[in-house]
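S.K.: Provided below are the primary sequence and the corresponding predicted coordinates.
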Amino acid sequence: MVVLVLLLPSIAYGQQVRRMFKSPSGVPVAVGAVHQGGTLYMAHLENGAWVAEDLPVKLVEPEATITALGYGADGARYIVFDELYKKRKRGGMLLHTGEAWQRLPEWKPFWIQAWSVAAAAPDKVYLGMYTTTAPHYMQLIRWDGKTYQPAPLPAGATLSYAPLILEPSGSVVLAARTAGGATVYRSEGEGWAALGDELRANNPSCLVRSPNGELWLADSEGALYHWNGTAWRIPSGTPEGLFAKELAPAPDNTVFGAFGDRDREVLVHLAPEGIRYLDGKKDGRAAALWEQVGAMICDTTGIVHVVSAAKAPVPYAADRFLPAIVEAPSFVWGKPQAAPPEQPVPSAYAPRDEQAIAVSERYAQLYKEITVRQVELRHWLERCMASGGPSPAMSHAYQRYLDAEFQPDLERMREEMDAFGIGPMRNRLVDRFHTMLDNTSALGNWMGRSFSLNGTSDRAGMKEAADRMAASNDRLSALQAGEEAFLRAYIVRNAGAEK
């Protein structure tokens, strides 16, 4: 019997699970951030409960979140993070060698975000970096103990979106795009050796290793491949018409997977005796569908932990359990390092201006709603990038969402704020919210423009779209960074300190 545990992170202003990793001892580790609290967050599974770890939050800037976690062959831990510095996002690493935490230098600004890390040695730490300067947006970067430098791959090979793997021997395994599809390489000294033949995988998105050393490679729009130690093969019995999105090797060397199309997934267990649907089957089909499975991991006892967005737009959150499965306890982080506010605007206003109080309460509610829409945009971007760029069908689906849901909802918010009219006390919040609306709307529109140009030769248009998206995002980040100070000043003015 498979025990499936669905993780339920807090949604609004609590902790957000971003990724899951496994320590060398097989213990699952969940990472993320305290949303709007500016605190790195990490928890490990201990005796069936998630226990928060004490992290050096003072070594990073506010609005920081963990994007990847790696363990070195020498026992060191590497935490890869993003932070907000002078109104711009930047990335870096924290190193823990067993004695103390150390912050390593940040990397170049055009290297946007590291999605995986594999530390073969202190001077050979590889990062799978999402960047604007490399083909297919991915580049292999090496930390040599002093600086970050691009790491060469075999001629014609570029890094894929699939995560890097550190083997117990200290070798690094990665999947790269090559002329005819994809090739999996293992590090050998300062070079790379191909594992088997080239695969017809155009979008390698997930690479995992079983305890016995066998490998599984998922193509988000193609077949699932299994390396048995000597050759690659395509296993039989996978869900018909669906593609592997996430994989989780089990202690018995079988594998769990999330298979789906661009929108929904089913969870299955692939074993020598055949495929088994974790949700059960009804009329020959999966009994339950999932949305946007973000991570899967199997612990040493065979329990599968899943992070999913069962209901958009909140990423990696769920509001239901699978049918016919015993309800597991909700995912609960340990006590956060800094408890974030439940509302961006405090309710303790002096009763001097009833209209100012009313607009501030409406602002608090709409602030939450526009944040949800911003999260939706980020999730659309993550879905497109995870599959190697948006397909024409996904671009059309995004444009439909933009026209039918996103922009009409922003207009509804604008009308609600405009209903308060003009007033010296009210205008500060109204104008601020209009600025948020304008930049959120621009971000959504320029994302659509970028999606529509994907795969074309219009480099100037793609650069303009990327620049406009970055400008809107920077303005939104600056507004959010100054939110607390602005609201404190608003309360003081509302209390009569300024008329």
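M.R.: Here it is on my side, so go on.
S.K.: Around D438, count how many other residues there are.
M.R.: 14 (other CB atoms under 10 Å). To be clear about C-beta, it is placed using only N, CA and C from the backbone, and glycine gets the same treatment.
S.K.: elements contacting the helix or strand harbouring it?
M.R.: Using DSSP states H and E, D438 sits within helix 427-453. The contact analysis (3 or more CB pairs under 8 Å, 6 or more residues apart in numbering; DSSP states H and E) places helix 427-453 against helix 354-386, helix 392-401, helix 407-418, helix 459-481, helix 483-492.
S.K.: chain center to the third one, what's the gap?
M.R.: Yep, that's helix 407-418 we're talking about. 28 Å (CA atoms, centre = their mean, to the nearest Å).
S.K.: So which bits of that helix are buried?
M.R.: L410, M413, R414, E416, M417 (16 or more other CB atoms under 10 Å).
S.K.: in the stretch 101-250 of the chain, which ranges drop under the pLDDT threshold?
M.R.: For the stretch 101-250 of the chain, the stretches with pLDDT under 70 are 110, 132-136.
S.K.: picking up where we left off before, now for the helices and strands packed on helix 427-453, which one comes closest to P154?
M.R.: Closest to P154 of the helices and strands packed on helix 427-453 is helix 354-386 (CB to CB; 24.1 Å).
S.K.: Just the CA atoms of the helix or strand where E246 lies, as PDB, please.
M.R.: Element membership for E246 (DSSP H and E) is strand 243-249. In PDB, the C-alpha atoms belonging to strand 243-249 read as follows (Å, rounded to 0.1, in the frame of the first residue of the first chain):
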ATOM      1  CA  PHE A 243       3.900  12.900 -20.500                       C
ATOM      2  CA  ALA A 244       6.000  12.600 -17.400                       C
ATOM      3  CA  LYS A 245       6.200  15.900 -15.500                       C
ATOM      4  CA  GLU A 246       7.700  15.000 -12.100                       C
ATOM      5  CA  LEU A 247       9.500  11.800 -10.900                       C
ATOM      6  CA  ALA A 248      10.300  10.300  -7.500                       C
ATOM      7  CA  PRO A 249      12.500   7.200  -7.200                       C
END
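S.K.: show me what contacts T230?
M.R.: With contacts defined as CB atoms under 8 Å, 6 or more residues apart in numbering, the neighbours of T230 are G196.
S.K.: Swap in 10 Å and give it another go.
M.R.: If you count contacts by CB atoms under 10 Å, 6 or more residues apart in numbering, T230 has them with L195, G196.
S.K.: helix, strand or coil for it?
M.R.: Classification of T230 by DSSP: H, G, I helix; E, B strand; the rest coil places it in coil.
S.K.: Could you report the neighbour count for L366?
M.R.: Counted with other CB under 10 Å, the neighbours of L366 add up to 19.
S.K.: If we ignore the residues flanking it in sequence, what's nearest it?
M.R.: Closest residue to L366 apart from its sequence neighbours, by CB to CB, 6 or more residues apart in numbering: M413 at 5.1 Å.
S.K.: ok, that neighbour touching M436?
M.R.: Yes. Assessed by CB atoms under 10 Å, M413 is found in contact with M436 at 9.1 Å.
S.K.: what sits in contact with each of these two?
M.R.: The contact lists of M413 and M436 share L366, Y367, I370, where a contact means CB under 10 Å, 6+ apart.
S.K.: What residues does the closest residue to R103 other than its chain neighbours make contact with?
M.R.: Nearest non-adjacent residue to R103, counting by CB to CB, 6+ apart: L59, 4.6 Å away. By CB under 10 Å, 6+ apart, the contact set of L59 is L40, I79, F81, E83, G92, L94, W101, Q102, R103.
S.K.: Okay, buried residues for the host helix or strand of the third one please.
M.R.: Taking DSSP H and E as the definition, F81 sits inside strand 77-85. Burial within strand 77-85, assessed by neighbour count using 16+ other CB under 10 Å, is assigned to R77, Y78, I79, V80, F81, D82, E83, L84.
S.K.: what's the angle from it to helix 459-481?
M.R.: Put simply, strand 77-85 runs at 90 degrees to helix 459-481, going by axes from the mean of the first three to the mean of the last three CA atoms, to 10 degrees.
S.K.: just checking, what packs against strand 77-85?
M.R.: If contacts are counted by 3 or more CB pairs under 10 Å, 6 or more residues apart in numbering; DSSP states H and E, strand 77-85 sits against strand 28-34, strand 39-46, strand 65-71, strand 88-96, strand 101-103, strand 111-121, strand 124-131, helix 459-481.
S.K.: so what secondary structure elements neighbour the fifth one?
M.R.: Pointing back at strand 101-103 there. strand 77-85, strand 88-96.
S.K.: residues in contact with it?
M.R.: Strand 101-103 is contacted from outside by 54-56, 58-60, 76-77, 79, 81, 92-96, using CB under 10 Å, 6+ apart.
S.K.: Just give the strands next to that strand in its sheet, each with its orientation.
M.R.: Strand pairing for strand 101-103, using DSSP bridges, gives strand 88-96 (antiparallel).
S.K.: angle of the strand it pairs with against strand 65-71?
M.R.: Using the same axes, to 10 degrees: strand 88-96 against strand 65-71 is 30 degrees.
S.K.: on that earlier part again, now distance to A393 and mean pLDDT too, for the helices and strands packed on strand 101-103, in TSV please.
M.R.: Output for these, formatted as TSV (distance: least, CB to CB, whole Å; pLDDT from 0 to 100):
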stretch	distance to A393	mean pLDDT
strand 77-85	30	85
strand 88-96	30	85
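S.K.: how deep is S441 tucked in, by neighbour count?
M.R.: Per other CB under 10 Å, the neighbour tally for S441 reads 18.
S.K.: give the contact list for it.
M.R.: Each residue near S441 by CB under 10 Å, 6+ apart is listed here: R373, L402, F406, Q407, L410, E411, R414, S472.
S.K.: And for G461?
M.R.: The contact partners of G461, by CB under 10 Å, 6+ apart, come to R449, S450, S452, L453.
S.K.: shouldn't the second one be in contact with L377?
M.R.: Which is S450. No. S450 is beyond contact range of L377, at 11.6 Å (criterion: CB under 10 Å).
S.K.: what's the overlap in contacts for these two?
M.R.: M469.
S.K.: circling back to that earlier point, may I see the helices and strands packed on strand 77-85 arranged in CSV, with distance to K22 as well?
M.R.: Below are these laid out as CSV (distance: least, CB to CB, whole Å):
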stretch, distance to K22
strand 28-34, 6
strand 39-46, 10
strand 65-71, 9
strand 88-96, 17
strand 101-103, 21
strand 111-121, 13
strand 124-131, 17
helix 459-481, 32
